[in-house]
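> just coords:
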C-alpha cells in the first residue's frame with residue numbers, strides 16, 4: 001500500500017480546500033482544483049489508495065473545521081468527483097463524458113447527504129436555503145474580520161436580501177454549472193500533469209481542449225433559454241435563468257478552448273497554460289471569454305469545423 005502517496009495526496013487536497021475558504025481570490029482557484037491530487041493518486045495507484053486518501057483528507061478537514069458538517073460534506077463530494085474523473089482518464093472516456101460523470105457523482109453525493117436533513121425540517125426548501133446563506137455570509141464576514149481582511153468582510157456585509165433572493169432561486173443552475181466547470185478544470189489539469197510526467201500514459205490524448213467545440217446547434221438552446229428569461233411569468237423566468245447558466249458554461253468552455261489554442265500556438269508551457277486558464281475561470285475575465293465562445297460559432301477562429309459545419 002503506497003502510504004506515502006496517500007498521505008501526500010490527502011495533505012495536498014485538504015490544503016487546497018482550506019486555502020479556498022481562507023484566502024480571497026487565489027483561494028477560489030485552489031478550491032477549484034482541490035480534487036486534482038485525489039484524481040492523480042487514483043489514476044497512478046488505484047481506486048483503493050485514492051479512497052483512503054479521500055478519507056484521510058476528510059478527517060483532516062473535519063478536525064481543522066471544528067467538526068462543521070458543511071465542509072466535510074463538500075469535501076466528500078470532491079472525492080466522488082475525483083473517482084468519476086479518474087475512471088474517465090483510466091478508461092479513456094471522451095472528455096465530456098468523464099466530466100459529466102464526475103459532476104453527476106458530486107451532485108448525487110450532495111443530494112444523498114442533504115436529503116435526510118432537508119426532509120426533517122418543517123421549513124420550506126427555499127426558506128432553509130435563504131437562512132443558510134445568510135448564516136454562512138455572517139460567519140464568513142466574522143472570519144474575514146478576525147483575519148484582518150476588512151475589505152472582504154465589508155463586501156460580505158453589502159450582500160442584500162435581494163441578492164439572497166436571486167441567489168437561492170438560481171441555486172440549481174449555479175450548482176450544476178459550477179460543478180460541471182470544476183469537473184472540467186480538474187479533468188484538464190489532472191490530464192496535463194499525467195501526460196507531463198509520463199507522455200506515454202494511457203489517458204485520452206485527443207481531442208485536446210484546444211480543438212474542442214460544442215455542437216453549433218446548441219446555440220439554439222441558449223437562445224431559447226434567454227427567451228424564457230424575457231417572459232413575464234416569474235417561475236418560467238427563473239427556469240430560463242437556471243438553464244441559461246448551463247448553456248453559458250458550455251460557451252465559457254468553448255472560449256477557454258480558444259484561449260488554450262492561442263497559448264499552445266504561442267508555445268506556452270503546460271503548467272503556465274493550466275494556471276492561466278484557472279485564473280480566467282476564477283476571475284471576472286470569464287465574462288468576455290463566454291462571449292468569445294459564442295462568436296466562435298460563426299467565426300470559427302481555429303478552423304476546426306468542416307465547411308458543412310460552419311453556420
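Perfect, thanks for sending it. The structure displayed is predicted, hence computed values, not measured ones. Residues are numbered from 1 along each chain as shown.
> excluding chain neighbours, what is closest to the residue nearest to the spatial centre of the chain?
Centroid check for the chain by Cα atoms, centre = their mean gives residue 182 as the closest residue, at 1.7 Å. Leaving aside its sequence neighbours, residue 182 sits nearest to residue 32 (Cβ to Cβ, 6 or more residues apart in numbering; 5.6 Å). All C-beta atoms are positioned from the backbone trio N, CA, C, and that covers glycine.
> from residue 161, how far off is the one you found?
Note on residue 32: its distance to residue 161, by Cβ to Cβ, to the nearest Å, is 28 Å.
> do the same with residue 86
42 Å.
> who has more neighbours, those two?
The neighbour count for residue 86 versus residue 161, taken as other Cβ atoms under 10 Å, is higher for residue 86 (26 against 8).
> let me know the average pLDDT across the regular element (helix or strand) spanning that one.
Assigned by DSSP states H and E, residue 86 belongs to helix 69-90. What helix 69-90 shows for mean pLDDT is 85.
> now it: buried residues?
Within helix 69-90, the residues that count as buried by 16 or more other Cβ atoms under 10 Å are 71-90.
> just give me how far the helix or strand that that helix is followed by sits from the chain centre.
Next in sequence after helix 69-90, counting helices and strands by DSSP H and E, comes helix 95-120. Its chain's average C-alpha position is 13 Å from that of helix 95-120, according to Cα atoms, centre = their mean, to the nearest Å.
> near residue 184, how many other residues are there?
The number of residues packed near residue 184 is 25, by other Cβ under 10 Å.
> ok, and the closest non-adjacent residue to it?
Spatial nearest neighbour of residue 184, excluding adjacent residues (Cβ to Cβ, 6+ apart): residue 99 at 4.9 Å.
> next one: the one you found from residue 183, what distance?
Residue 99 sits 5 Å away from residue 183, going by Cβ to Cβ.
> between these two, which contacts overlap?
For the pair residue 99 and residue 183, residues contacting each of them under the criterion Cβ atoms under 8 Å, 6 or more residues apart in numbering are residue 85.
> neighbours around the nearest residue to residue 27 once chain neighbours are set aside, how many?
Excluding the flanking residues, the one nearest residue 27 by Cβ to Cβ, 6+ apart is residue 20, at 4.6 Å. Look at residue 20: counted by other Cβ under 10 Å, it has 18 neighbours.
> re earlier: show me what the helix holding residue 86 is packed against.
Applying 3 or more Cβ pairs under 8 Å, 6 or more residues apart in numbering; DSSP states H and E, one finds that helix 69-90 contacts helix 3-22, helix 36-45, helix 47-64, helix 95-120, helix 171-197.
> reformat these as TSV; add distance to residue 291 and mean pLDDT.
TSV is the format used below for the helices and strands packed on helix 69-90 (distance: least, Cβ to Cβ, whole Å; pLDDT from 0 to 100):
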stretch	distance to residue 291	mean pLDDT
helix 3-22	27	89
helix 36-45	28	94
helix 47-64	37	90
helix 95-120	22	83
helix 171-197	17	87
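> any idea which of those helices is most buried?
Burial of the helices and strands packed on helix 69-90 is given as mean neighbour count (mean count of other Cβ atoms under 10 Å); helix 36-45 ranks first at a mean of 25.
> so who does the closest residue to residue 114 other than its chain neighbours touch?
Once flanking residues are discounted, residue 114 sits nearest to residue 73: 7.2 Å by Cβ to Cβ, 6+ apart. Under the criterion of Cβ under 8 Å, 6+ apart, the neighbours of residue 73 are 110, 113, 114.
> how close does the last one sit to residue 92?
Computed as Cβ to Cβ, the residue 114 to residue 92 distance reads 33 Å.
> do the first one as well
Relative to residue 92, residue 110 is positioned 28 Å away (Cβ to Cβ).
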